[in-house]
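Novice: The following comprises the amino acid sequence and a computationally predicted model.
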Amino acid sequence: MIKFEQVYKDYPASGNSLRALHPTDLAIAAGEVFGLVGHSGAGKSTLLRLINRLEAPSGGRIWVDGEDITALDSSALRRFRQQVGMIFQHFNLLSSKTVAENVALPLQLSGMQNPAAIAQRVDELLARVAISAQADQYPAQLSGGQKQRVGIARALALKPKILLCDEATSALDPQTTVQVLQLLREINLELGLTIVLITHEMDVIRRVCDRVAVMDGGRVVEQGEVVQVFLHPQHPTTQRFVRENEHLDEDSLQNDFAQVEGRILRLTFQGDSTYAPVLSQLAQETGVQYSILAGRIDRIQNRPCGQLTVALRGDNLATALDWLNHADLHLEVLR
Ligand SMILES: Nc1ncnc2c1ncn2[C@@H]1O[C@H](COP(=O)(O)OP(=O)(O)OP(=O)(O)O)[C@@H](O)[C@H]1O
C-alpha cells in the first residue's frame with residue numbers, strides 16, 4: 001500500500017545540504033502496524049512526514065495505493081492528505097476549543113456543514129476513544145492520555161486509510177502508554193487502518209507492531225517481522241536497541257561466560273514451547289548438566305517467547321546438541 005522507491009531527502013544546511021534520508025526502498029502493507037525505531041536524528045520523522053508529503057522528497061518515488069504521491073498537484077495533494085491522519089507527541093490540540101470542537105474541526109474544514117451530522121460523527125468518535133464524558137472540557141483540563149485520545153479521535157474524523165503516529169506515547173507514563181497502544185491496536189483491527197509509528201522505544205514496537213524498520217544515520221539498517229527482529233537482531237544498532245530494552249548488561253554477561261566451562265548456547269522458544277520443561281528433559285535424556293547464565297520470558301504481540309543463555313557440561317555434549325537441534329526451539333552455539 002505504501003511503497004518507497006529509492007526515496008531520499010536532503011535539507012539545506014549552512015550553504016551545504018544534509019542528507020537526512022539516504023535512498024530508501026520500503027514497502028508497508030495495507031492493514032499492518034509498521035514501526036520505525038531509531039535514535040534521535042536517525043531520520044524517522046523525515047521518513048514519516050514524506051508519507052503524507054509534509055516533506056517533499058528530494059528524489060525517488062512514493063506510491064500509496066498505486067498512486068504516485070510525489071507527482072500530485074496541490075488540489076490532489078489536499079484530497080490525498082484527507083486519507084492520512086496524524087497524531088503527535090505533544091498532541092497539538094487547540095487550547096481555546098473544547099474536546100468536541102477539536103474533533104469537529106477537520107470535519108468542518110473538509111466542507112461538512114450540517115451541524116447535526118457533525119455532532120453525530122463527533123459523538124461516535126469520542127465514544128470510540130472513550131472520552132465522551134470530557135466532550136465539553138478544554139485540553140488544559142485533560143491528562144496526557146486523555147489528550148492523546150482526543151488526538152486520535154481527531155485524526156480518525158475523516159476516516160483515513162493511514163494513521164501516522166509521531167512519537168505518540170513519548171510524553172505519557174508507562175501505564176497510559178500501554179492503554180494508548182492498546183487503543184491503536186483495536187482501531188487498527190476494527191477499521192483495517194494502516195498505522196505507521198515512529199518511536200525510540202523498542203517496547204512500543206514489541207507491544208503493537210507487526211513489522212519494524214530500524215533506522216540509523218538516515219538509513220534503514222534492518223527490517224522484518226517484529227518477532228524475528230527481537231529474537232534474532234542482525235545489525236549492531238538493532239542489537240543495541242534490543243539489549244537496552246532487556247536491560248541486559250553485556251559486560252557482566254561476558255564475565256559470566258568466562259567463568260563457566262563447557263559449551264554456551266542461546267535457546268529461543270516461541271509459543272507453547274516457551275513453557276515446556278526442555279532443559280530438564282535434556283538433562284534426563286542425555287545426562288548433561290546445565291547452568292542458566294541469562295534468560296527472559298516475554299510477550300511479543302501477545303505471544304509468549306523466551307530466550308535462555310545456558311552453559312552445558314558433561315560427556316554427552318554432541319548428543320545433547322543433536323537433541324536440541326531436534327527440539328521445538330531455535331539453537332545458537334555461542335561458544
Ligand atoms: N527541516 C529541517 N531542516 C534541516 N535539517 C533537518 C530538518 N528536519 C530534520 N533535519 C535534520 O535531519 C536529520 C534527521 O532528522 P529527523 O527529525 O528525521 O530524525 P529523527 O530520527 O526523527 O529524530 P528525533 O527522534 O530527534 O525527532 C537530523 O540531522 C536533523 O537535524
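Specialist: Good, I have the coordinates. Every value quoted in this text rests on a predicted model; they were computed, and no experiment measured them.
Novice: for the closest residue to T194 other than its chain neighbours, phi and psi?
Specialist: What sits nearest to T194 in space, not counting adjacent residues and going by Cβ to Cβ, 6 or more residues apart in numbering, is I162, at 4.8 Å. The way it works is simple: take the backbone N, C-alpha and C, and place the C-beta from them, glycine included. Dihedral pair for I162: phi -130, psi 140, per degrees, to the nearest 10.
Novice: Isn't I162 up against V196?
Specialist: Yes: taking contacts as Cβ atoms under 8 Å, I162 lies within contact range of V196: 6.8 Å.
Novice: separation between F4 and V226?
Specialist: Separation of F4 from V226 (Cβ to Cβ, to the nearest Å): 20 Å.
Novice: any idea which element the nearest residue to V129 once chain neighbours are set aside lies in?
Specialist: Spatial nearest neighbour of V129, chain neighbours left out: R149 (4.1 Å); criterion: Cβ to Cβ, 6+ apart. Assessed by DSSP states H and E, R149 sits inside helix 144-156.
Novice: other SSEs contacting that helix?
Specialist: Packed against helix 144-156 by the contact rule (3 or more Cβ pairs under 8 Å, 6 or more residues apart in numbering; DSSP states H and E) you find strand 84-88, helix 99-109, helix 115-128, helix 174-191.
Novice: Kindly calculate the angle that the longest one makes with helix 115-128.
Specialist: When you say that, I think you mean helix 174-191. For helix 174-191 against helix 115-128, the angle by axes from the mean of the first three to the mean of the last three Cα atoms, to 10 degrees is 120 degrees.
Novice: Return the alpha-carbon coordinates of the helix or strand following helix 174-191 using PDB.
Specialist: Using DSSP H and E, the helix or strand that directly follows helix 174-191 along the chain is strand 194-199. Taking Å, rounded to 0.1, in the frame of the first residue of the first chain, the C-alpha atoms of strand 194-199 are listed here in PDB:
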ATOM      1  CA  THR A 194      -2.700   1.000   8.300                       C
ATOM      2  CA  ILE A 195      -0.600   2.500  11.100                       C
ATOM      3  CA  VAL A 196       3.000   3.800  10.700                       C
ATOM      4  CA  LEU A 197       4.500   4.800  14.000                       C
ATOM      5  CA  ILE A 198       7.900   6.200  15.000                       C
ATOM      6  CA  THR A 199       9.400   5.700  18.400                       C
END
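Novice: picking up where we left off before, beyond the helix holding R149, next helix or strand please.
Specialist: Trace forward from helix 144-156 with DSSP H and E and the next one is strand 162-166.
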